[in-house]
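*Asks:* coords please:
(one chain, ligands or ions: 1)
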Amino acid sequence: MSDEPLGIALLGAAFMGRAHAHAFRTAATMLPGSPSTRLELLVGRDAARADEAAGQLGFARGVGDWRAAVEDPAIAIFDDVGPNDLHAAPTIAAARAGKHVICEKPLGRTADEALETWRAAHEAGVVHLCAFNYRFVPAIRHARDLIAAGTIGAVRHVDARYLQDWLVDPQAPTTWRLRRASAGSGALGDLGSHLIDLCRYLVGEIDAVAAQTRTFTPERPGGPVDVDDAVSATLSFAGGASGTLTASRVAPGRRNALGLEIHGSEGSITFALERMNELGLYLPGGPPGTDGFRTVLMTDPEHPFAPAWWPPGHLLAWEHTFVHELDHLLRAVRDGRSVRPHGADFEDGYRAAEVCDAILRAAASGRTEPVAYRTVA
Ligand code: SOE
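*Replies:* Take a look at the predicted model:
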């Protein structure tokens with residue numbers, strides 16, 4: 001690979017577009033050795049608004065049609081953070097045009113759609129990343145290292161929750177996120193997919209699920225809601241562990257509360273996103289009367305990502321997960337390798353979608369449903 005800056009096109013100028021634009025700029029200026037980029041095109045719904053957003057977010061210009069980015073030879077990487085119904089078509093077209101591709105989660109509205117997206121990227125031979133950014137929280141990476149080293153023994157049980165409250169108010173208007181045609185599913189695909197990916201990353205493959213979904217407010221200003229407000233599931237892991245998953249957008253007081261408890265034969269790990277600089281760790285022992293959980297601050301030089309940032313005790317935040325993630329992708333592109341094992345690639349995106357589909361099947365049937373994975377190779 002040459003040292004030419006990598007031309008970037010970003011589809012999406014809203015919340016996640018801002019997060020990714022910020023991360024590309026920060027990686028370039030703050031992370032030593034991060035491959036250099038040229039922020040070329042910001043793709044929005046209409047050209048004038050996209051151009052305005054491009055100016056603000058540091059891109060050369062805005063365009064109103066994603067096909068312009070797919071056809072542009074100056075683009076090396078196509079980053080799709082648009083709504084879920086704009087994931088497959090632009091990402092598949094970009095991969096077929098030889099662009100390396102990043103796609104927001106869920107990779108597809110269904111497992112079939114995610115499989116086709118993975119197939120296109122695989123056949124094109126491009127680097128692909130599904131934007132499960134929480135893999136890039138230092139405490140999550142550290143938890144993975146501890147589990148892989150056997151520090152908490154054999155994992156027996158996982159309790160995974162992702163709770164938000166922006167739909168508690170029944171008068172909150174509907175959006176694309178609340179319609180199956182545009183979103184695929186509700187809290188499940190939006191929040192639960194993060195949990196499924198973290199469970200796979202930290203513990204291993206999920207082979208069966210049972211579940212319940214609920215839609216508490218089926219009609220909102222702006223139209224009907226036909227996706228889940230909340231989902232609860234039990235998970236069976238191929239390695240023998242069991243787990244529970246809860247995702248909700250109707251949990252009063254919970255703004256962005258992703259939480260994990262992982263219990264092994266020799267100890268336990270806990271994590272709370274709203275305290276993301278901390279990892280809870282229980283390893284039995286110590287002087288009499290001191291046995292209990294400890295809180296490890298993830299900012300010492302031996303902790304993941306810490307050396308790239310500040311002295312111990314100077315904290316990182318949500319936006320750093322995107323800086324780490326996009327830097328990881330840029331290095332993979334420069335070095336001509338896959339983003340695995342620490343990045344989620346499109347196979348990981350597809351596998352998470354397959355578990356989401358199984359959860360919806362289980363909720364409909366009331367039975368435990370196996371998860372069968374397909375391949376594109
Ligand atoms: C939904 O509110 C949302 O923005 C998700 O779409 C993101 O994936 C999650 O990281 C934060 O919450």
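
*Asks:* who in this structure is up against the ligand?
*Replies:* 164, 190, 256 (CB under 6 Å from any ligand atom). C-beta: built from backbone N, CA, C; applies to glycine.

*Asks:* filter those residues down to the buried ones, ChimeraX style.
*Replies:* Burial among the residues of the chain next to the ligand is assessed by 16 or more other CB atoms under 10 Å; the matching ChimeraX selection reads:
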select :164,190
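
*Asks:* residue of the protein with the smallest distance to the ligand?
*Replies:* Nearest residue of the chain to the ligand: residue 190, at 4.8 Å (CB to the nearest ligand atom).

*Asks:* let's see the pLDDT reported for the closest residue to that residue other than its chain neighbours.
*Replies:* Leaving aside its sequence neighbours, residue 190 sits nearest to residue 177 (CB to CB, 6 or more residues apart in numbering; 6.4 Å). pLDDT recorded at residue 177 is 98.

*Asks:* count of neighbours near residue 177?
*Replies:* By other CB atoms under 10 Å, the residues close to residue 177 number 20.

*Asks:* kindly report the same for the one 3 residues further on.
*Replies:* When neighbours are defined as other CB under 10 Å, residue 180 has 15 of them.

*Asks:* and the nearest residue to it once chain neighbours are set aside, what pLDDT?
*Replies:* Ranked by CB to CB, 6+ apart and with sequence neighbours excluded, the top spatial neighbour of residue 180 is residue 226, at 4.8 Å. For residue 226, the model assigns a pLDDT of 97.

*Asks:* and the contacts of stretch 180-188?
*Replies:* Residues from elsewhere that reach stretch 180-188 (CB atoms under 8 Å, 6 or more residues apart in numbering): 83-85, 106, 108-110, 113, 162, 164, 176-178, 189-190, 213, 215, 225-231, 247-249, 356, 359-360.

*Asks:* just the buried residues out of these, in PyMOL syntax.
*Replies:* Per 16+ other CB under 10 Å, the buried members of the contacts of stretch 180-188 correspond to this PyMOL selection:
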select buried, resi 83+84+85+106+108+109+110+113+162+164+177+178+189+190+213+215+225+227+228+229+230+231+247+248+249+356+359+360
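
*Asks:* in helices, which of the contacts of stretch 180-188 appear?
*Replies:* Cross-referencing the contacts of stretch 180-188 against helices under DSSP state H gives 113, 356, 359-360.

*Asks:* find the residue at the geometric middle of the protein.
*Replies:* residue 132 (1.9 Å; CA atoms, centre = their mean).

*Asks:* remind me what the one helix or strand residue 21 maps to packs against, helices and strands.
*Replies:* Assigned by DSSP states H and E, residue 21 belongs to helix 15-30. On a contact count with 3 or more CB pairs under 8 Å, 6 or more residues apart in numbering; DSSP states H and E, helix 15-30 meets strand 6-11, strand 37-43, helix 47-57, helix 318-335.

*Asks:* could you dump it to CSV, C-alpha only?
*Replies:* Written as CSV, here are the backbone C-alpha positions of helix 15-30 (Å, rounded to 0.1, in the frame of the first residue of the first chain):
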residue,chain,number,x,y,z
PHE,A,15,-25.4,11.9,15.2
MET,A,16,-23.2,9.1,14.1
GLY,A,17,-21.8,11.0,11.1
ARG,A,18,-20.5,13.6,13.5
ALA,A,19,-19.0,10.9,15.7
HIS,A,20,-17.1,9.4,12.8
ALA,A,21,-16.0,12.7,11.3
HIS,A,22,-14.6,13.7,14.7
ALA,A,23,-12.9,10.3,15.0
PHE,A,24,-11.2,10.5,11.6
ARG,A,25,-9.9,14.0,12.4
THR,A,26,-8.7,13.0,15.9
ALA,A,27,-7.0,9.8,14.8
ALA,A,28,-5.0,11.8,12.2
THR,A,29,-3.9,14.4,14.7
MET,A,30,-3.6,12.4,17.9
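
*Asks:* give me the contacts around it.
*Replies:* With contact meaning CB under 8 Å, 6+ apart, helix 15-30 is reached by 8, 10-12, 34, 36-37, 39, 42, 53, 57-59, 79, 81, 102, 104, 308-309, 319, 322-323, 325-327, 330.

*Asks:* before we move on, what about stretch 64-72?
*Replies:* Contacts of stretch 64-72 (CB under 8 Å, 6+ apart): 7, 9, 11, 40-41, 43-48, 50, 63, 75, 78, 86, 90, 93-94, 97, 99.

*Asks:* how about it: buried residues?
*Replies:* 66, 69-70, 72.

*Asks:* got those as a markdown table, with pLDDT columns?
*Replies:* Below are these laid out as a markdown table (pLDDT from 0 to 100):
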| residue | pLDDT |
| --- | --- |
| 66 | 98 |
| 69 | 97 |
| 70 | 97 |
| 72 | 98 |
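
*Asks:* in helices, which of those residues fall?
*Replies:* Judged by DSSP H, the buried residues of stretch 64-72 include 66, 69-70 as members of helices.

*Asks:* could you check the pLDDT of residue 307?
*Replies:* 96.

*Asks:* assumed it was part of a strand.
*Replies:* No: if the criterion is DSSP: H, G, I helix; E, B strand; the rest coil, then residue 307 is helix and not within a strand.
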